[in-house]
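Visitor: this one's sequence-less:
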């Protein structure tokens with residue numbers, strides 16, 4: 001006779017791992033967009049917002065690679081340079097991009113409304129906070145400092161340059177969970193504003209929360225978002241929610257300010273024996 005026992009975690013949430021741009025800082029995830037536009041403009045190619053946003057969340061050299069593979073950009077590059085883009089071009093562009101991105105991050109290092117309160121609330125409940133990002137380590141030094149000055153200081157920060165494979169591979173989230181001493185991935189929550197970031201969390205076996213309004217899907221600065229008429233806000237919000245729902249995220253909400261209520265719901269589900 002054989003017996004089958006199924007492990008079932010019924011404790012609370014132990015760790016929350018959050019993205020940076022568009023999730024906890026930089027409403028609208030504007031810093032990467034400005035950086036990619038400056039980078040390609042320097043090569044004589046004007047790129048659109050949609051082209052910049054399509055690979056968002058990826059490690060930045062991979063982001064450049066994907067943009068260069070887009071038909072319009074590849075054709076414009078080939079006309080201007082006399083040859084199709086190569087891996088050597090990707091490497092050169094990435095080196096140029098790093099300093100541009102640092103400057104753009106510096107200009108956008110503002111917490112998304114409600115983030116400081118969320119960090120305080122979760123920490124008081126004994127939930128440990130980590131962060132990961134498609135940025136490299138050298139890009140975020142000043143960002144981490146400025147976030148701390150505004151009330152958000154994650155215990156662990158993992159960047160795309162700290163792992164062998166970035167998103168959608170689960171390595172950054174799993175490394176953060178280990179550093180935060182989480183006993184099981186079922187007790188971890190990944191929060192992100194991009195589809196590839198949600199896929200990362202799902203691949204890590206974690207609960208996932210997608211942010212529709214503050215990040216890449218709506219793609220507007222806080223000032224531009226607030227300037228919209230209510231009907232236009234509803235239209236953009238509904239479209240962003242619908243797109244992120246297709247990623248498989250367990251929850252889709254507007255901004256990080258709603259996270260404590262989501263965590264409470266996840267803990268109720270865990271207590272009932274549910275798992276991600």
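Guide: That came in fine, so what should we check first? Given the structure is predicted, the values throughout are model-derived calculations rather than measurements. Residues are numbered from 1 along each chain as shown.
Visitor: any idea where the helices of the stretch 51-200 of the chain begin and end?
Guide: 60-69, 71-81, 87-108, 115-124, 141-149, 171-179, 195-203 (DSSP state H, counting those that start in this stretch).
Visitor: Tell me the buried residues in the fifth one?
Guide: Right, helix 141-149. 143, 144, 146, 147 (16 or more other C-beta atoms under 10 Å). For the C-beta atoms, the positions are set from N, CA and C on the backbone; glycine is no exception.
Visitor: just the helices of the stretch 51-200 of the chain: most buried one?
Guide: helix 195-203 (a mean of 25; mean count of other C-beta atoms under 10 Å).
Visitor: What mean pLDDT does that helix get?
Guide: Helix 195-203 shows an average pLDDT of 97 in the prediction.
Visitor: repeat for stretch 95-112
Guide: 92.
Visitor: What is the end-to-end distance of stretch 175-190?
Guide: Terminal residues of stretch 175-190 are spaced 12 Å apart (C-alpha to C-alpha, to the nearest Å).
Visitor: Residues touching that stretch, excluding its own?
Guide: For stretch 175-190, contacts defined as C-beta atoms under 8 Å, 6 or more residues apart in numbering pick out 9, 11-18, 128-132, 155-156, 158, 162-163, 173-174, 197-198, 200-201, 204-209, 262-263, 266, 270, 275-276.
Visitor: Could you tell me the end-to-end distance of stretch 34-50?
Guide: 12 Å.
Visitor: residues in contact with it?
Guide: 33, 52, 63-64, 67, 73, 76-77, 80, 93, 96-97, 100-101, 103-104, 107-108, 219.
Visitor: Output the below-cut-off pLDDT ranges for the stretch 1-150 of the chain.
Guide: Within the stretch 1-150 of the chain, the set of residues satisfying pLDDT under 70 comprises 1-5.
Visitor: Run the chain-centre distance for stretch 220-237.
Guide: Distance of stretch 220-237 from the chain centroid (C-alpha atoms, centre = their mean, to the nearest Å) equals 21 Å.
Visitor: now do stretch 255-275
Guide: Going by C-alpha atoms, centre = their mean, where stretch 255-275 is centred and where its chain is centred differ by 19 Å.
Visitor: From residue 140, how far out is residue 259?
Guide: The gap separating residue 259 from residue 140 is 21 Å, by C-beta to C-beta, to the nearest Å.
Visitor: Can you list which of the contacts of stretch 175-190 are found in strands?
Guide: 15-18, 128-132, 156, 158, 207-209 (DSSP state E).
Visitor: can you put those in a markdown table and add neighbour count and distance to residue 245?
Guide: Shown next, in a markdown table, are the ones in strands among the contacts of stretch 175-190 (neighbours: other C-beta atoms under 10 Å; distance: C-beta to C-beta, whole Å):
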| residue | neighbour count | distance to residue 245 |
| --- | --- | --- |
| 15 | 26 | 25 |
| 16 | 29 | 21 |
| 17 | 31 | 21 |
| 18 | 29 | 20 |
| 128 | 21 | 28 |
| 129 | 20 | 26 |
| 130 | 24 | 25 |
| 131 | 27 | 24 |
| 132 | 30 | 23 |
| 156 | 18 | 29 |
| 158 | 23 | 27 |
| 207 | 27 | 15 |
| 208 | 26 | 12 |
| 209 | 27 | 12 |
